[in-house]
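J.: Sequence and predicted model, in that order:
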Amino acid sequence: MAVFHDEVEIEDFEYDEETGTYSYPCPCGDRFLITREDLENGEDVATCPSCSLILRVIYDQVGAEGGPAGRF
């Protein structure tokens, strides 16, 4: 079972269209990262590459056909 540093809404992340990556500031000075592809695959954990902290990302997953089940 993972212990999350925090739970953060996807709207609070910054999105880089070039890399398809969402990022959010980490207390260590780096940034938590999660890709759009990860979110599309149902992942909800953003990791920091510089420390062991992880975040749970709160978002509505797009429906199987990309329909109105939600979006991120």
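T.: Thanks, I have it. Residues are numbered from 1 along each chain as shown.
J.: For the residue most central in space within the chain, give me its contacts.
T.: Nearest to the geometric centre of the chain sits Ile34, at 4.3 Å (CA atoms, centre = their mean). The neighbourhood of Ile34, defined by CB atoms under 8 Å, 6 or more residues apart in numbering, consists of 13, 21-22, 43, 45-47, 57. The C-beta positions use only the backbone N, C-alpha and C, and glycine is treated the same way.
J.: is it true that it lies in a strand?
T.: Yes - according to DSSP: H, G, I helix; E, B strand; the rest coil, Ile34 belongs to a strand.
J.: Grab the nearest non-local neighbour of it.
T.: Computed as CB to CB, 6 or more residues apart in numbering, the closest residue to Ile34 that is not its neighbour in sequence is Ala46, at 4.0 Å.
J.: Next one: that neighbour from Ala2, what distance?
T.: Using CB to CB, to the nearest Å, one obtains 12 Å as the distance from Ala46 to Ala2.
J.: what do you get for Asp12?
T.: According to CB to CB, Asp12 and Ala2 sit 20 Å apart.
J.: neighbour-wise, which of the two wins?
T.: Asp12 (11 against 6; other CB atoms under 10 Å).
J.: show me what contacts the nearest residue to the more buried one once chain neighbours are set aside?
T.: Once flanking residues are discounted, Asp12 sits nearest to Tyr24: 6.4 Å by CB to CB, 6+ apart. By CB under 8 Å, 6+ apart, Tyr24 lies in contact with 8, 12-14, 31-32, 46, 55.
J.: Tell me the most packed of those, by neighbour count.
T.: Most neighbours among the contacts of Tyr24, by other CB under 10 Å: Ala46, with 28 neighbours.
J.: Name the SS class of it, please.
T.: strand.
J.: ditto for Leu39
T.: helix.
J.: How about Cys51?
T.: Three-state call for Cys51 (three-state DSSP): coil.
J.: Please tell me how far Val8 sits from Cys48.
T.: Using CB to CB, Val8 is found at 12 Å from Cys48.
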